[in-house]
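Peer 1: sequence-free structure coming up:
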């Protein structure tokens, strides 16, 4: 979104109302192109130099013949016309129809001596990719995907006018927990904790369910569907990792989060509450309007449920600690310090001093004898193969987390789902942070479908979701990715995450409000030394893009 503003100020008037720019894959010079049969799947591979991984995902009308495919694919790769070959090396006849060969043919792209497997999708998936999702009633919810996208005239103009209207002025004061409240709650009961040690005296062996989304506050029917599906697991807690669009104004919070229908819409979109409570953390978009909508309107509707009335008590601050005798889940604020009056937002966004004081003196994050598993939640990313990174918070945490401790970090900001290998961040000055990391910013804002970047191996990207479908904008079809969410289950020292997305109802050819696609299932365990270890990782949907880092 930051890059959008940079471009917008120069070329807004020239932007097409329904145009969505998609990042083109880097041009490659492959030696040969090969087709091979692989278990009734059309598998796309690309073999590239180690220093320049990339891939090209080509889509064709099912009636396209081999000659047309060869020309398109060759042009995309920058190598002229190519020849399609079967497993046995026999050229595919030029008049062969793709649909006829689809269930017996797979694709591999050979660029060097190294093979990088990038995606697999069967004939049903390919047909779905080529399909246009039926349009939704534009008047039902506050916005649609075309409205929200920054590089359309509608979306871009709205972002610019809202930003110019609300960005400058007095910043909302940073809120901290009032006297007598610690901001720590027990995962299994919701009981407010007076000290870090109290969690060990409360039963912690029952299953805890958490539903989580990020970059969700778009006010679209997709975000409404995600909200409804979040509740299918009957979560004890619902958590949001930041961003209400366009810029988190009070009116946008009312429409996109609190379910109050704005003028011209039949209904708003409502954030769902867990049976024990709900928390939302700060993103950069809330800060574009100086955080008044976030602090004054949304947070008072959240928090833990009271034992007397069952109502939510209100979220008092933009950070929280949910814990039991096995785990600590820390939701942090990487958004507040992105605010700057000079330009859009600052990439130097450390945790506010009040949060560091809380982590040190209340949560006691630096206690070497605390061997519970640690999960960090924030809006901004510490690792990325696609965009710039935000290292201020990781650097602060490296000073607090006991040395050689491995953690799990989940973040949003980038509108995609991406998984990275376990790695150690070298933050300079002798500071290191060892972590598993996931980008989960795909819940409401139209999801990015960028191709594998050139630094994929450098960042240890291992898997990401670039499945796409077409949205009928009324003028032209726009390609977007699938919005999704996470369902987390904690049972003693085990933590299992299911990553799900919205699915296409093949009968109505529209997104289903109830059905989801299970994409990935992974389980972590916290060992006796407090290290978070990945126990299992299962890719449930073969259509995700796998990056081989061997």
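Peer 2: Here it is on my side, so go on. This structure is a prediction, so every number in the text was calculated from the model and none was measured.
Peer 1: touching, residue 145 and residue 479? I think so.
Peer 2: No. At 10.6 Å, residue 145 does not count as touching residue 479 under the criterion of CB atoms under 8 Å. (Each C-beta comes from the backbone N, C-alpha and C, glycine too.)
Peer 1: mutual contacts of those two, please.
Peer 2: residue 471 (CB atoms under 8 Å, 6 or more residues apart in numbering).
Peer 1: which stretches in the stretch 201-350 of the chain count as helices?
Peer 2: Here the stretch 201-350 of the chain has its helices, by DSSP state H, counting those that start in this stretch, at 221-230, 250-256, 284-287, 292.
Peer 1: that older thread, neighbour-wise, which of residue 145 and residue 479 wins?
Peer 2: Between residue 145 and residue 479, residue 145 has the larger neighbour count (other CB atoms under 10 Å), namely 25 against 15.
Peer 1: which residues does the more buried one contact?
Peer 2: Residues in contact with residue 145 (CB under 8 Å, 6+ apart) are 218, 220, 222, 446, 471, 478, 480.
Peer 1: same deal with residue 351?
Peer 2: Taking CB under 8 Å, 6+ apart, we find residue 351 in contact with 319, 332-334, 337, 359, 392-393, 396.
Peer 1: so what's the gap between the longest strand belonging to the chain and the chain middle?
Peer 2: Ordering each strand of the chain by length in residues (DSSP state E) puts strand 510-526 first. Its chain's C-alpha centre and that of strand 510-526 lie 13 Å apart, by CA atoms, centre = their mean, to the nearest Å.
Peer 1: stretch 217-235 too?
Peer 2: Between the centre of stretch 217-235 and the centre of its chain there are 14 Å (CA atoms, centre = their mean).
Peer 1: residues of that stretch that come out buried?
Peer 2: Buried residues in stretch 217-235, defined by neighbour count with 16 or more other CB atoms under 10 Å: 217-227, 229-230, 233, 235.
Peer 1: end-to-end on it?
Peer 2: One end of stretch 217-235 sits 19 Å from the other (CA to CA, to the nearest Å).
Peer 1: and what of stretch 292-310?
Peer 2: Terminal residues of stretch 292-310 lie 27 Å apart, using CA to CA.
Peer 1: among the helices of the stretch 201-350 of the chain, which is nearest residue 463?
Peer 2: With CB to CB as the measure, helix 221-230 is the member of the helices of the stretch 201-350 of the chain nearest residue 463 (20.7 Å).
Peer 1: list the contacts of that closest one.
Peer 2: 136-137, 140-141, 144-145, 211, 213, 216-217, 238, 256, 269-272, 443-444, 446, 483-485, 487, 500, 502, 511-514, 516.
Peer 1: residues in contact with the nearest residue to residue 281 once chain neighbours are set aside?
Peer 2: Sequence neighbours aside, residue 331 is the residue nearest to residue 281 in space, at 4.8 Å (criterion: CB to CB, 6 or more residues apart in numbering). Applying CB under 8 Å, 6+ apart to residue 331 gives the contacts 239, 241, 279, 281, 319-322, 377-378.
Peer 1: ok, now residue 369?
Peer 2: Residue 369 neighbours (CB under 8 Å, 6+ apart): none.
Peer 1: which of the contacts of residue 351 are buried, as a PyMOL select command?
Peer 2: Here is the PyMOL selection string for the buried members of the contacts of residue 351, based on 16+ other CB under 10 Å:
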select buried, resi 319+332+333+334+337+359+392+393+396
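Peer 1: can you redo the contacts of residue 351 as a markdown table with distance to residue 373 and pLDDT?
Peer 2: What follows is the contacts of residue 351, written out as a markdown table (distance: CB to CB, whole Å; pLDDT from 0 to 100):
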| residue | distance to residue 373 | pLDDT |
| --- | --- | --- |
| 319 | 19 | 98 |
| 332 | 16 | 98 |
| 333 | 22 | 98 |
| 334 | 21 | 98 |
| 337 | 27 | 98 |
| 359 | 16 | 98 |
| 392 | 24 | 98 |
| 393 | 19 | 98 |
| 396 | 20 | 98 |
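Peer 1: and which of the contacts of residue 351 is nearest residue 450?
Peer 2: Nearest member of these to residue 450, counting by CB to CB, is residue 334, at 22.2 Å.
Peer 1: surely that closest one is in contact with residue 379?
Peer 2: Yes. Using CB under 8 Å, residue 334 is in contact with residue 379, at 5.0 Å.
Peer 1: ok, back up a step: out of the contacts of residue 351, the closest to residue 460 would be?
Peer 2: residue 393 (19.6 Å).
Peer 1: surely the closest one is in a helix?
Peer 2: Yes. Counting by DSSP: H, G, I helix; E, B strand; the rest coil, residue 393 is located in a helix.
Peer 1: right, and it touches residue 352 too?
Peer 2: No. The pair residue 393 / residue 352 is not scored as a contact, 10.4 Å apart, by CB under 8 Å.
Peer 1: from residue 384, how far out is residue 456?
Peer 2: Plainly put, residue 456 is 11 Å away from residue 384 if you go by CB to CB, to the nearest Å.
Peer 1: neighbour count for these two, which is higher?
Peer 2: Shown here are residue 456 and residue 384; by other CB under 10 Å, residue 456 has more neighbours (27 against 22).
Peer 1: ok, back up a step: which residues are common contacts for residue 334 and residue 379?
Peer 2: Common neighbours of residue 334 and residue 379, using CB under 8 Å, 6+ apart, are 242, 282, 411.
Peer 1: which of those fall in strands?
Peer 2: Cross-referencing those against strands under DSSP E gives residue 411.
Peer 1: if we take the shared contacts of residue 334 and residue 379, which one ends up nearest to residue 539?
Peer 2: residue 411 (20.7 Å).
Peer 1: now do the contacts for that closest one.
Peer 2: 214, 241, 334, 377-382, 437-441.
Peer 1: can you give me the strands in the stretch 251-400 of the chain?
Peer 2: With DSSP state E, counting those that start in this stretch, the ranges of strands along the stretch 251-400 of the chain come out as 277-280, 303-304, 320-323, 327-331, 373-378.
Peer 1: who's in contact with residue 318?
Peer 2: 174-175, 281-282, 294-295, 299, 333, 335-336.
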